[in-house]
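Colleague: Output the structure for:
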Amino acid sequence: MRLHSPWGVIALGFVFVLLGWLAPFLMVIKVIPASFWLSFLSYGLSVLGLLLGIVGASMYAIGRRR
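Modeller: Numbering: from 1, shown residues only. This is a model prediction of the structure:
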């Protein structure tokens, strides 16, 4: 998977959002201990994944327009 393709960026964003969701879920069911840094990292991954998804979708739309 190439990161320069829109689908690669969207896939990476999806993985980040999935990890950003999985970490708090595992903290809630007490599989991993909750900590401030892990919560902060989880939030950051979610925001970065959303941003990458938007960038990938815009790359796809611009590529289709040409």
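Colleague: And the helices in the protein, which stretches?
Modeller: Listed in chain order, the helices of the chain (DSSP state H) span 6-28, 36-65.
Colleague: mind putting these in JSON lines, mean pLDDT included?
Modeller: Output for those, formatted as JSON lines (pLDDT from 0 to 100):
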{"stretch": "helix 6-28", "mean pLDDT": "94"}
{"stretch": "helix 36-65", "mean pLDDT": "94"}
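Colleague: Deepest in the core, which of those is it.
Modeller: helix 6-28 (a mean of 16; mean count of other C-beta atoms under 10 Å). C-beta here means a position set from N, CA and C on the backbone, and glycine is covered the same way.
Colleague: contact partners of that helix?
Modeller: With contact meaning C-beta atoms under 8 Å, 6 or more residues apart in numbering, helix 6-28 is reached by 1-3, 32-34, 38-39, 41-57, 59-60, 63.
Colleague: Run the angle between it and helix 36-65 for me.
Modeller: 160 degrees (axes from the mean of the first three to the mean of the last three C-alpha atoms, to 10 degrees).
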